[in-house]
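In: 3D, please:
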Amino acid sequence: MTHHAGCLCGAVRISIDADPIAARMCWCRLCQYLGGGSATVNVCFPADKVTTTGEVRWHASVADSGNAMQRGFCSTCGTPLFSRAESRPHLTFIRAGALDDPGLCPPQAVIWTDAAPHWAHHDPALPHYPAQIPPVA
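Out: Residues are numbered from 1 along each chain as shown. Below is the predicted model:
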């Protein structure tokens, strides 16, 4: 099945020719920056099944886990769209809010809860982890 995503202004469109592998809600400090103060929900797809049109700008950083990351944004409106870990180039993480169907794959876990602000709400139906957990694939 093909899924689609994109940015706020429509300059970047994403086509994904695979179903999601997994999704996690992340409260690491970097994701809080990306989410404007909240957690991010990141949906994992096989990288070779993701195609993009439009200009994506990339920012390199090191995550709280120590992983070297690339974060992709729309160059026009700044919408956060992607994360890629250099240690797992076969995976691409797309922000759930960028998906045309943001309910496509709800999170299966909440990670980095120790970094969350005291007011954060964690769904009691999901497993919670204080920091990073092993990669999905």
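
In: so the closest residue to Gly35 other than its chain neighbours bridges to which residues?
Out: Nearest residue to Gly35 in three dimensions, chain neighbours excluded: Pro80, at 7.9 Å (C-beta to C-beta, 6 or more residues apart in numbering). For glycine as for every other residue, the C-beta is placed from the backbone atoms N, C-alpha and C. Assessed by DSSP bridges, Pro80 has beta-bridge partners Phe73.

In: can you pull the contacts of Pro80?
Out: 34-35, 40, 71-73, 95, 98 (C-beta atoms under 8 Å, 6 or more residues apart in numbering).

In: repeat that for 7 Å
Out: 34, 71, 73, 95 (C-beta atoms under 7 Å, 6 or more residues apart in numbering).

In: okay, it and Leu34: tell me how far apart.
Out: 5 Å (C-beta to C-beta, to the nearest Å).

In: joint contacts of those two?
Out: Arg71.

In: could I get the full set of helices for this structure?
Out: Assigned by DSSP state H, the helices in the chain fall at 29-34.

In: find the residue at the geometric middle of it.
Out: Asn42 (2.8 Å; C-alpha atoms, centre = their mean).

In: for the residue lying farthest from the centre of the chain, give its distance to Gly35.
Out: Centroid-distance maximum for the chain: His118 at 22.4 Å, with C-alpha atoms, centre = their mean. To Gly35, His118 is 17 Å away according to C-beta to C-beta.

In: same question for Cys26.
Out: Taking C-beta to C-beta, one finds Cys26 at 9 Å from Gly35.

In: what does Leu8 give?
Out: 14 Å.

In: low-confidence stretches in this structure?
Out: In the predicted model of the chain, residues 137 satisfy pLDDT under 70.

In: which residues of it fall in strands?
Out: Using DSSP state E, the strands of the chain run over 3-6, 13-16, 22-26, 40-46, 50-53, 56-62, 68-74, 80-85, 91-95, 109-111.

In: which of the ones you listed sits closest to His122?
Out: Closest to His122 of the strands of the chain, according to C-beta to C-beta: strand 109-111, at 5.2 Å.

In: counting by contacts, list what that closest one packs against.
Out: Using 3 or more C-beta pairs under 7 Å, 6 or more residues apart in numbering; DSSP states H and E as the contact test, the elements touching strand 109-111 are strand 22-26.
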